[in-house]
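*Asks:* Compute the structure for the input listed below.
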Amino acid sequence: MSVFSITTIPQVLRSFPMFRWTLLALLGMAAPSAAQVLDPPVLSCATVNVAGDVTLNWVVPPDPNSIFDHYEVYHSSGLGGPYTLLAPTVNVYGQTTYLHLGAGAVVGPQCYYVVTVSTAAPPNISVPSDTICTIHLDVTQSNPLGSAVLDWTPQHTPPLPGADTEYDLWMEYPIGSWQLIGQVGTDTLHYEHAISICEDSLTFRVSLANGVFCNSFSSRDGDVFQDATPPSAPVITAVSVDTATGLATITWAPSPEPDTDAYIVILSDALGNLIVDTLYGQGTTFYTYPLSNAGSMAESFTLAAFDTCWTGTPASPNTSATLPLHTTVHTSTEYNECEGVITVHWTPYVGWDVQNYEVYARQTGGSVFLLGTFNANVTSAQHAAVLPFTEYCYVVKAIKSGGGVTSLSNQACRTTDYPPVPLFNYIQVATVENADHVRILDEVDPSAVASRYRLERSANGEPFEEIAEMSGFGAGPLLEFNDLDVEADQRSYSYRLIVDDSCGTQAVVSNVASTMHLRALPRLEGYNDLSWNGYGIWGGAVGVQALYRNIADGPYQQIALLPADQWSYVDPVEDQTSTNGKFCYYVEATEVGNPSGNNAVARSNVACAVQQELFWLPNAFIAGSAIAENTEFKPVTAYAGFKNYQLVIYNRWGQNIWSSTDPAIGWNGQALGAYVEQGVYGYFCTYDNGEGRRLEKRGTVTFLWGRE
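*Replies:* Numbers count the residues shown, from 1 in each chain. Below is the predicted model of the structure:
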């Protein structure tokens, strides 16, 4: 006899609804041959009605021997139990549904399993069926508002055999009318539905089909929702230019939302974004901008859509974001009259990928023809061999990758012509501003068009080479060049201007202007020899030459006025021995008789001559000597130009006993108000000479006592 009571078997089975055991496995022994146990029904669906009642659907088990007695339905408010038997039991074998009144499925998921009881002797209770739960739906408001957020519990994990692979999502609107709003896979338990109804109470539910047998509908949940979601941003098909009017046009695909009310047209330029128009009607898909300036520049547009629902404070319609800008193709031309070529330039289309560009041309009185087809990365094309004094017009067509969509540019026209060529050019002056700076002033022909002015330079008669150029467009009537790559204190420089006409061909060569180079050499006798080359070449003549000098970096003063053909001068400076010996000069030549009346002044470089400084220190002096110069110890100089002077006296122990920074004050043999002992004393003397060099001298001096 079994160790278990037969009456306890169903209770044991009901205590473990999540596991399907065979009775033999539970008992661990062979069943008596008289026991006949049917299979449990196959649970397929669990549907919740508006009151929270639950209807179960199942497929009946086979009963070939007609031993069915009844079905028992067990219920729990949680998957983990405990489960209780529901009354009444189902006594009809072919019954496939069961209504659980007051199940409370609106509060949370309700779980069920079913067993089959036979008329045979115990054990006569089947193992439990699969446990299924109702789908419990929770609906909340999105953050930010504008969508309904649906979250629900699964019916069975994993889904029951035969169950559909997707949940169907339903919304009741208007009341009594359910509409399918979406589908998600059974591995998803979340969905957000954008509200497109301005404001109303909306109810939702979730369903899961099980083959052709039944559908499980979830509990229902909802709230008062408000459409805070704008329409989809309108997608621009293309922006283009009407070649007849020069106005920009826009075409787009309508926003798909039925409540789309209007489209906002936005122009974007350097000043920002500007709303230029509002177009009502969901089906509106074309616009011409009446204030367009697409003939002068590329114009960029984008669109936004708004619906019929007004929200917020103050109220305003739900408005979409904008998509990236679309920009028209702007065409311009450039004419090379010398080569007879018109170059067509265009800005790229912005908004979609370009497959290629087609350039169309039309000559005055002729028909339109295709000039050429160009890759998407090309933005210019040349029209060669154009005729003079003829108008040519061009339009560029951008073709979208994949074809089917195009955009036209503005129409750009150009009339060919030939400007006059320059007839003269004259360098007024080339004057030295500094050792590394020569300034050149040049007069141009204002009635002609030059492409450029090229400045050439020659150093000391070497071949001319180009050193600078200036565009001829808008230049004149006077050009200024500054040559900063010179050594004007080392050599003379000659300059000339080459003028190229509008075709780049050399048309005029100016006069040659040469700087004056001054050289200054000191002589031991107290003279400075000066020499220079005369200025050349002016349209007039050199009138006089003024020679200027400064002493020891002092102010310049004119020391001579010389005739035009004198290019040397000897300056006596023997009376300037008290200075530092540095003498600097420049020559200034003045033009007379210039045909235009614009007489120029040219200056040479600054040249300096430094006389050899004389510096001597005696080796002895005598206190009380009848010769005044012998009574003190100090340097004897000429052209020394003391700067930062210092004289220091040391005793035999290396102690500093006297010093001075004034070269006019010598040591009289005293220290601390009293004469020192006769003997030999060391000295150190240092100063900066006229050339700025630091000089030092060390030695000894003998101090002697004389009469006093």
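*Asks:* which residues in this protein form helices?
*Replies:* Under the criterion DSSP state H, the chain contains helices at 9-14, 23-27.
*Asks:* So Leu291 versus Asn215, what's the distance?
*Replies:* Distance of Leu291 to Asn215, given as CB to CB, to the nearest Å: 59 Å. Where you see a C-beta, it was placed from the backbone N, CA and C, and this is true even at glycine.
*Asks:* ok, these two, which is more surrounded?
*Replies:* Using other CB atoms under 10 Å as the criterion, Leu291 and Asn215 rank with Asn215 on top: 14 against 10.
*Asks:* How many residues are close by the residue nearest to Thr288 when sequence neighbours are not counted?
*Replies:* In space, and not counting its chain neighbours, Thr288 is closest to Thr249: 4.9 Å by CB to CB, 6 or more residues apart in numbering. For Thr249, the neighbour count with other CB under 10 Å is 20.
*Asks:* oh, and call the first residue 32 from now on, that's how I've got it
*Replies:* All right, first residue 32 from here; so that's Thr280.
*Asks:* per-residue confidence at Thr280?
*Replies:* Per-residue pLDDT puts Thr280 at 98.
*Asks:* same question, Glu739
*Replies:* 51.
*Asks:* before we move on, what about His187?
*Replies:* 95.
*Asks:* so Leu678 bridges to which residues?
*Replies:* Note on Leu678: beta-bridge partners Ser691, Cys716, judged by DSSP bridges.
*Asks:* how close does it get to Pro666?
*Replies:* 8 Å.
*Asks:* what about the most centrally placed residue in the chain, distance to Gly343?
*Replies:* By CA atoms, centre = their mean, the chain has its centre lying nearest to Ala301, at 15.6 Å. Taking CB to CB as the measure, Ala301 and Gly343 are separated by 31 Å.
*Asks:* same question, Ala633
*Replies:* For Ala633, the distance to Gly343 - CB to CB - is 79 Å.
*Asks:* Between these two, which is the more surrounded one?
*Replies:* More neighbours surround Ala633 than the other of Ala633 and Gly343, with 25 against 9 (other CB under 10 Å).
*Asks:* so that one bridges to which residues?
*Replies:* Ala620.
*Asks:* my read: it touches His548, true?
*Replies:* No - judged on CB atoms under 8 Å, Ala633 makes no contact with His548 at a distance of 11.6 Å.
*Asks:* who's in contact with stretch 235-252?
*Replies:* Residues from elsewhere that reach stretch 235-252 (CB atoms under 8 Å, 6 or more residues apart in numbering): 75-79, 81, 83, 88, 90, 136-137, 163, 165-170, 179, 181, 183, 186, 190-191, 193-195, 198-203, 209, 217, 224, 234, 253.
*Asks:* how deep is the residue lying closest to Asp514 once chain neighbours are set aside tucked in, by neighbour count?
*Replies:* Nearest residue to Asp514 in three dimensions, chain neighbours excluded: Val469, at 4.4 Å (CB to CB, 6+ apart). Residues lying near Val469 (other CB under 10 Å) number 23.
*Asks:* ok, now Gln521?
*Replies:* Gln521: 12 surrounding residues under other CB under 10 Å.
*Asks:* How about the contacts made by it?
*Replies:* His548.
*Asks:* how much space between it and Phe614?
*Replies:* 19 Å.
*Asks:* again with Cys444
*Replies:* Cys444 is 70 Å from Phe614, by CB to CB.
*Asks:* who has more neighbours, those two?
*Replies:* Taking other CB under 10 Å, Cys444 and Phe614 do not tie; Phe614 has more neighbours (25 against 12).
*Asks:* Surely the more buried one and Val637 touch.
*Replies:* No - the criterion here is CB under 8 Å, and Phe614 misses it with Val637 at 11.0 Å.
*Asks:* Now for those two: what residues contact both?
*Replies:* Counting by CB under 8 Å, 6+ apart, nothing touches both Phe614 and Val637.
*Asks:* Across the sheet, point out what pairs with the residue nearest to Val517 when sequence neighbours are not counted.
*Replies:* Leaving aside its chain neighbours, Val517 sits nearest to Val469 (5.3 Å; criterion: CB to CB, 6+ apart). Residues in a beta bridge with Val469, per DSSP bridges, are Val463, Asp514.
*Asks:* I figured Val469 hits Arg522, correct?
*Replies:* No - here Val469 does not reach Arg522: they are 11.1 Å apart, not a contact under CB under 8 Å.
*Asks:* could you measure Ser533 against Glu464, distance?
*Replies:* When Ser533 is compared with Glu464 (using CB to CB), they lie 33 Å apart.
*Asks:* Between the two, which is the more surrounded one?
*Replies:* Higher neighbour count among Ser533 and Glu464: Ser533, with 21 against 15, using other CB under 10 Å.
*Asks:* quick one, what contacts that one?
*Replies:* Residues in contact with Ser533 (CB under 8 Å, 6+ apart) are Glu368, Cys369, Tyr449, Pro450, Val452, Val480, Ala481, Ser482, Gly503.
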